[in-house]
Each structure stands twice: as structure tokens, then as C-alpha cells.
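Trainee: My questions concern the predicted model and sequence given below.
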Protein chains: 2
Amino acid sequence: MSFDNVREHMQRAGLDGLIATSYENVAYLGGVPIMTQRSIPERLAAVILPLNGEPAFVICSIEEAQVRAGTRIPDLRTYVEFVTSPTEPIAQAVREMGLANCRLGLELKVLSAHYYQELTTQLPAATFVAADGQFDEIRAVKTAEETDILQRAALATDRAIYDAFVSGRLGGTDKEIADHLAQGIQASGADSVAFLVLGAGANASMAHPYASNLTLREGDIVRCDVGGHYGGYYSDLARTSVVGPARSEQVDIYQRLWEIHEETIAAARPGVRAKDVYLTCQAAFERLGLPMNMPHVGHSLGLGLHEPPMLHPSNETVLTEGMVLAIEPLCRVNGGPIFHVEDLLVLTAGGNRILSRSVDWSHLLVIGS
Amino acid sequence: MSFDNVREHMQRAGLDGLIATSYENVAYLGGVPIMTQRSIPERLAAVILPLNGEPAFVICSIEEAQVRAGTRIPDLRTYVEFVTSPTEPIAQAVREMGLANCRLGLELKVLSAHYYQELTTQLPAATFVAADGQFDEIRAVKTAEETDILQRAALATDRAIYDAFVSGRLGGTDKEIADHLAQGIQASGADSVAFLVLGAGANASMAHPYASNLTLREGDIVRCDVGGHYGGYYSDLARTSVVGPARSEQVDIYQRLWEIHEETIAAARPGVRAKDVYLTCQAAFERLGLPMNMPHVGHSLGLGLHEPPMLHPSNETVLTEGMVLAIEPLCRVNGGPIFHVEDLLVLTAGGNRILSRSVDWSHLLVIGS
């Protein structure tokens, strides 16, 4: 991350100042992820970056020692929770930067209406504009360091999924697999498990079920969609297995889904639009005779889980080298279980490079024997 | 949860309709926690409850099967992400309920400024008011079922902490303890680990560190502050231990902190104000000669992590029977490690009942031998 690059985007958008308040953008500009921004979002943190001049970092006093140790922004301002609203030191910093009458970019898709109203009251002469798109653009192309973290996270999570799947036993439970998976992700270097969707048996047709102590039976599809937090960055992978013996129609659905997946991945390269990847995937679903019912077929990944560009049918964003994409087709045939695969890739000059395969997933994994 | 009770609060606040959009309040009114509301907040879900008439539930199409299986609201409306903004079906439901010219309560502290602006544009004749306080009041007193879930979650987490602490080895690492703890929480029936702060060695003076492969040495304080998700509800407990042998000043700080903790707990009873609990704790810190530097000394717990009433020095809320409180004094002496204890209790007619002690924490736990 370089402030110069951020300032180029600010200049193009006509912004005199940029105020980051989301977990992701505070971590990006401030250089330090603040865990409680996720669990206690009203405990606002902010980085205020003027087009000219030095940035300021506003945080709750509780986080001071940790942020000071991690950030390279020297101008750190703390507020005491329940005594001072966090918008007060933010407004104060804006005034001291001489920006009280200027055009300021805010994350309107994340900042609460309450804090937004406070800021507009405290800075009545400022013009606030949505800068969500600027942040999206700034973070869409990953640095080599970011890609490296994301690859290590993806490979570690992929291996943990494989190990957890093959630990599954006929007569065991989905929860045992989920616990094995959570443990594997933790042990692989993750700071924590970010989310863990695991669907088997009656849950397998749900989009986002937790494991629920269902007994595994022959022919049960076991699907996971899981991610960890690794140094502030996400992993996010979906894989599907079956408690053996597999039925031929299960193998068939998986093979077709995999073919769709590979075709979609091949379409992700610099120069095409995000929507083109979706449309390629949609065409492959049609050709292979599987039902498609997904508003998107993938997304970028980084400090956030669903980062732009989202691969949906109306996104005109042109993909560029250095973007990292999670491609995740899924299908559900006749009300049956969801089959779901997901890989991470980075766009290269020639096309892309897959970052997430620690084992071969090209055939339906049979477990439980 | 009963809609009648919610409607009583609406009536007192002069609200014709109430629109829940946070994870917590959608789970509360809708009866089904939606995991992705936490990880993908822009994928908005909402429950719209009119003062008179039946509620409606708006969700992204991806979540339909799961929500339908879990909710008792029959009027379920889906939108397709990236095609339709979630505020459109919300506004449509409001119109159909005949509330387009009425007074509507919103969660302004959670709803993004972006979605708020969309709603005010789509419903120009409506009067929107902040209803965060109403939701806080509604959820502050827990039902017997909620208290039961919270107690089981707390006891399971407490036991997992103890087991993880005593697994710690001299020469081992903080990460091993954290992984043991995460595994224990998962295996105790949690759907997932919600957060896991673990500070040892150089990290022990930070408020919210992750474990970081630090080697445990004699005299290291090991502190955790950890929670799991159990059926949509949180656990949240902090405990402190030391890699033996303990130094006498460590034992002394812990004993004084524990005395403060017990005194604070004793002060939490129906009829006192939230601020009184804080002030009791503050006075105990002074009397026992430990530095106090906390904006609050506790909070309620439930579907959310920091639920009102927050125990801070200006909160006039009168505590009532059935409220569940996490009391969590911490201290840091002369820049040293943080000592931190936290218990969960429910207010009873006579005072309170502690929900969270699976073992005796009244003396500093010595580990690593």
C-alpha cells in the first residue's frame, strides 16, 4: 500500500480528503487490522487521509497500545468510549487539516447512518461523497505481498478441508468433520476461523448451514464453504465430497460442475469484463445441462470476504493483472444437495494462476470408508 | 420473543412500523440467525413489523431455503443480489402495509448511510426515526430460554478455557494454547469460535492480540478473552493464568483484581443503575490500589456481543430482573501485562446468579509445569 497510489485515486475522484472507517480500509491505510472493528463496529476507528499532508488515525483508547505498535501513522488520536463520540476526533482532524469546507470521501456503504448524521452535523460546510468505489479500485489489484499471504492462506485451508473430509466416518457426524476442519485451519497458521459452512444430509440443500450433529449415511453429500483469518486476510474455499459409495448421478453432477468450474476459471484473464466471466459460467451451465441459480459466480478476496470486482452479470469492470479472484460455481439439482467448488486465482499477463489447490479435486472425493 | 411485547414498545415510542436490519434483531424478530449478515453485511436482510398487521421478512434469494425452514413469518420476500437493491422489497412491503406516510423505526446505528439514503428516497413521505433504543430495551431482559442457552454456552467456554490453559507447557507457545482453546469451544457444541484474544509474553499488554507463536517462559501471564457462537448466541469470558512459578506480585495483583470482581458482581442487582455497577467497581479499584483505565466494566450479552445495558459511568438505565450481564474488570500495572477476569450472571429478584464458573477461578491459575 502506498499513500501516493491512494492519492492518485483521490485526485481523479476530486477528493480533498478520504476517511476510511471499515475494518478493511482502516487495516489497509492504517497498516494494522483491529479485531474489534468486526465484533464491535460501533467502536469506530478511522484513518483520515488528506490529499496534501499527513494522515491521522482515530481509535478508541482501548486499542491504543496495539495500534501504535502496528501502524506507521504517527498522528494517533484516541477517544474514550461512551464519553466522546468517535466522530468528534474525526471532525477535529478534518478541521486541523483545513478540510472543513472541502470534498470528503466516506464509506457510505459501511458507515452507519447514525455516525454519518453526526459527521454532517459536525462538519456542516463539508461536502461528503461516497468513496466506496475509490476504495474498491484501490484494493482490487493486490500487491505481491498480499497475493503471497492469500496463496499461503488458501493452500493451508485447502489442505485442512481435505484432511477434515477424509476424517469423516460412516456413522460419524457432520459436526466431527466441522470440528476437525476448524482445528486444521487454526493449526495451519490462521489467527481464527472466519466462517465455517458445512452442509450434510438434511442440511446439504441449505446455502449457509452450520454442522448440526447429523449422522453421516451412505450417499450423503458433504459440502463446506469455509474461510480463516490469516494476518488480517481471508481464505475462502468451497469443496464437495460424498460419503461412499458414490452414486453415479452424484459423480456425474460433480464432473459437469467441475468442467463448468474449469471453463469459468479459464475465462478469467486481464482485459475481459467481470460480467464476461459470469456469462461464460452461465453458458457452460447451459451447455452441460445443470441448473444455474447464482447472482454471482465469484468475487475478489483480501482483507474483505466479498471484495470487488464481484463476478455478476451487470459488472462492466475490466479485469486487470494482479487481481485475485475466487471462482465458485455451485448447483442444486431437483431440490437435492448443493454441490459447490471454489478456487482462488491471481490474474497474470497470460491468463491466471491458481493459488488454492493442495490436492487434486477434479474428481468427487469419496469419504467415510 | 413475542410480537405483542415488541408492539408495546413500538406503541410507547409512537412507531407505526419497525424495520430490523441488524444480524441481532433480524434473528430476534425473524427467529433465524443468518450467518452471512455478519460476513457480508451489504447482503441486507430485514424484518418489517407493523404496529397492526402481519410482519414481512426480506432476504437475499440465496438464503431462502434456510430462512423458510427457520422462521415463523410466512410473508417471505426475496431479492436477487446485484439485480435489485434490498431496500426495494423493504419499501414495497412498507407500502403494502399502508405505512408509506407513517413513522418508521430504523436501526440507524447499524444500517449503512447508503441504504438509509435509498430508503428515504423510496419512501419520501415516511418519517424515519432511530429505534436502536427500542430494540435495546426489547432485548435487554432475556427469556428463560435465552438465559439457558447463554448459561450452557458460558459453562462450555469456561471449561474449554481451563482445559486450554492447563495444556500450556513451559517452552510451548501461546498459539498451542489458542488452538487448544478454539478446538475445545468447537467441540463443546459451539457452531464456531466468534473471537479469540490470547495475550502472552510481549503481547500480554495489548488489548486484543492474536496468539503469535511466542514461546512461553516462566512468569509469563497468559490471558484470554474469548467467545463462541452457540445457536446464534454468544459466550464471552476472560480469564488469566501464569506460567509457573508465579511471582508474588502477580498473585497479589490477581487477588486484588478478583476482590474487585466479586465486589462488582455483588453490586449488580435489580433496581440499581448501570452506572452504579461501574462506580462500585471504580471505588473498589481505588480502595485496593490498582489502576483503573476502562470506559466500561461490562455489558449485556446475547445475540450480540456488547449488548445494552453497557456498564459505563453515564448510563442511567435501571437494571431489572432477567437481564444478563458480563462483568469484566481488567488492569495493567506499570505497563506490564493485562490481568483480566470476566463472568456472566443473570439478575434475579434477590440479586444475581453466576452462570459461567465451571471451575474455581478465585486464585491465579498456575500452568506450564
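Mentor: Cool, got the structure.
Trainee: Now do the helix or strand encompassing A:His114: everything it contacts.
Mentor: Taking DSSP states H and E as the definition, A:His114 sits inside helix A:113-122. Residues from elsewhere that reach helix A:113-122 (Cβ atoms under 8 Å, 6 or more residues apart in numbering or on different chains): A:21, A:44, A:85-88, A:90-91, A:106, A:108, A:126, A:128, B:106, B:108-109, B:111-113, B:115-116, B:130, B:132. C-betas here are computed from N, CA, C, even on glycine.
Trainee: what's the distance between stretch A:178-187 and the middle of its chain?
Mentor: Its chain's C-alpha centre and that of stretch A:178-187 lie 19 Å apart, by Cα atoms, centre = their mean, to the nearest Å.
Trainee: Could you list the contact residues of the stretch 51-200 of chain A toward chain B?
Mentor: Taking Cβ under 8 Å from any Cβ of the partner chain as the measure of proximity, the stretch 51-200 of chain A contacts chain B at A:60-63, A:65-66, A:69, A:80-83, A:106, A:108-117, A:130, A:132, A:178-179, A:182-183, A:186-187, A:191-197.
Trainee: Can you list the buried residues in the helix or strand just after the helix holding A:His114?
Mentor: Following helix A:113-122 in sequence order, the next helix or strand is strand A:127-130 (DSSP H and E). Buried residues in strand A:127-130, defined by neighbour count with 16 or more other Cβ atoms under 10 Å in any protein chain shown: A:128, A:130.
Trainee: what does strand A:127-130 contact?
Mentor: For strand A:127-130, the external contacting residues (Cβ under 8 Å, 6+ apart) are A:13, A:15, A:102-109, A:116, A:119-120, B:114.
Trainee: Could you point out which of those residues is nearest to A:Val26?
Mentor: Set against A:Val26, the nearest of the contacts of strand A:127-130 by Cβ to Cβ is A:Glu107 (9.7 Å).
Trainee: for that closest one, phi and psi?
Mentor: Main-chain torsions, A:Glu107, degrees, to the nearest 10: phi -90, psi 80.
Trainee: who touches it in this structure?
Mentor: Residues in contact with A:Glu107 (Cβ under 8 Å, 6+ apart) are A:19-22, A:25, A:130-132, A:135.
Trainee: and if we set it to 10 Å?
Mentor: A:18-22, A:24-26, A:46, A:116, A:130-132, A:134-135, B:112-114 (Cβ atoms under 10 Å, 6 or more residues apart in numbering or on different chains).
Trainee: now the end-to-end length of stretch A:66-80.
Mentor: Taking Cα to Cα, to the nearest Å, stretch A:66-80 runs 16 Å from one end to the other.
Trainee: Pull up the residues of the stretch 201-350 of chain A that are close to chain B.
Mentor: Neighbours of chain B within the stretch 201-350 of chain A, by Cβ under 10 Å from any Cβ of the partner chain: A:202-203, A:205-213, A:226-227, A:229, A:231-232, A:234, A:236, A:278, A:293-296, A:299, A:304-306, A:310-315, A:330, A:332, A:335, A:338.
Trainee: Past the one helix or strand in chain A whose mean pLDDT sits lowest, which element shows up next along the chain?
Mentor: In chain A, no helix or strand scores lower on mean pLDDT, DSSP states H and E than helix A:36-39, which sits at a mean of 88. For helix A:36-39, the succeeding helix or strand toward the C-terminus, using DSSP H and E, is strand A:46-50.
Trainee: For that next one, which strands pair with it and how are they oriented?
Mentor: strand A:17-20 (antiparallel), strand A:56-60 (antiparallel) (DSSP bridges).
Trainee: Let's have those in a markdown table, adding mean neighbour count.
Mentor: Output for those, formatted as a markdown table (neighbours: other Cβ atoms under 10 Å in any protein chain shown):
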| stretch | mean neighbour count |
| --- | --- |
| strand A:17-20 | 26 |
| strand A:56-60 | 26 |
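Trainee: could you dump the ones you listed to TSV with mean pLDDT?
Mentor: Below are the strands paired with strand A:46-50 laid out as TSV (pLDDT from 0 to 100):
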stretch	mean pLDDT
strand A:17-20	98
strand A:56-60	97
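Trainee: right, and the ones you listed - which one's nearest B:Val272?
Mentor: Across these, B:Val272 has its closest neighbour in strand A:56-60 (26.3 Å, Cβ to Cβ).
Trainee: next one: the helix or strand just after the closest one to chain centre, how far?
Mentor: Next helix or strand after strand A:56-60 toward the C-terminus (DSSP H and E): helix A:64-70. Helix A:64-70 sits 25 Å away from the centroid of its parent chain (Cα atoms, centre = their mean).
Trainee: which helices and strands does helix A:64-70 pack with?
Mentor: In this structure, helix A:64-70 packs against helix A:23-30, strand A:56-60, strand A:76-79, with contacts taken as 3 or more Cβ pairs under 10 Å, 6 or more residues apart in numbering or on different chains; DSSP states H and E.
Trainee: quick one on the thing from earlier: what's the closest of the strands paired with strand A:46-50 to A:Ala153?
Mentor: Of all the strands paired with strand A:46-50, the one in closest proximity to A:Ala153, counting by Cβ to Cβ, is strand A:17-20 (22.9 Å).
Trainee: re the thing from before, drop anything exposed from the residues of the stretch 51-200 of chain A next to chain B.
Mentor: Neighbour counting by 16+ other Cβ under 10 Å classes A:60-63, A:65-66, A:81-82, A:106, A:108-116, A:130, A:132, A:178-179, A:182-183, A:186-187, A:191-197 among these as buried.
Trainee: quick one, which of the helices and strands packed on helix A:64-70 is packed in tightest?
Mentor: For those, the largest average neighbour count (mean count of other Cβ atoms under 10 Å in any protein chain shown) is found in strand A:56-60, namely a mean of 26.
Trainee: Restricting to C-alpha, output that one in CSV.
Mentor: Output of strand A:56-60 as CSV, limited to C-alpha atoms (Å, rounded to 0.1, in the frame of the first residue of the first chain):
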residue,chain,number,x,y,z
ALA,A,56,-4.4,10.9,11.1
PHE,A,57,-5.6,7.7,12.8
VAL,A,58,-8.6,7.8,15.2
ILE,A,59,-9.1,4.9,17.6
CYS,A,60,-10.8,4.0,20.8
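Trainee: What is the distance between that strand and the centre of its chain?
Mentor: Centroid separation for strand A:56-60 versus its chain: 24 Å, with Cα atoms, centre = their mean.
Trainee: now swap in stretch A:258-266 and tell me
Mentor: Here stretch A:258-266 is found 21 Å from its chain centre; the criterion is Cα atoms, centre = their mean.
Trainee: Please point out which parts of that stretch sit buried.
Mentor: For stretch A:258-266, the neighbour count (16+ other Cβ under 10 Å) marks A:258, A:260-261, A:263-265 as buried.
Trainee: Using TSV, lay out the helices and strands packed on helix A:64-70 together with distance to B:Tyr162.
Mentor: Formatted as TSV, the helices and strands packed on helix A:64-70 follow (distance: least, Cβ to Cβ, whole Å):
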stretch	distance to B:Tyr162
helix A:23-30	31
strand A:56-60	30
strand A:76-79	34
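Trainee: thinking again about what came up before, make TSV from the strands paired with strand A:46-50 and add distance to A:Tyr162 to it.
Mentor: Shown next, in TSV, are those (distance: least, Cβ to Cβ, whole Å):
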stretch	distance to A:Tyr162
strand A:17-20	37
strand A:56-60	40
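Trainee: mind putting the buried residues of stretch A:258-266 in TSV, pLDDT, secondary structure and distance to A:Phe3 included?
Mentor: Rendered in TSV, the data for the buried residues of stretch A:258-266 read as follows (pLDDT from 0 to 100; DSSP: H, G, I helix; E, B strand; the rest coil; distance: Cβ to Cβ, whole Å):
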residue	pLDDT	secondary structure	distance to A:Phe3
A:Trp258	98	helix	43
A:Ile260	98	helix	42
A:His261	98	helix	39
A:Glu263	98	helix	40
A:Thr264	98	helix	36
A:Ile265	98	helix	34
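Trainee: At the geometric centre of chain A, which residue do we find?
Mentor: For chain A, the residue sitting closest to the mean C-alpha position, by Cα atoms, centre = their mean, is A:Leu305 at 1.4 Å.
Trainee: Quick check, that one in contact with B:Ser39.
Mentor: Yes: with contacts counted by Cβ atoms under 10 Å, A:Leu305 reaches B:Ser39, the gap being 5.2 Å.
Trainee: Thanks a lot, see you next time.
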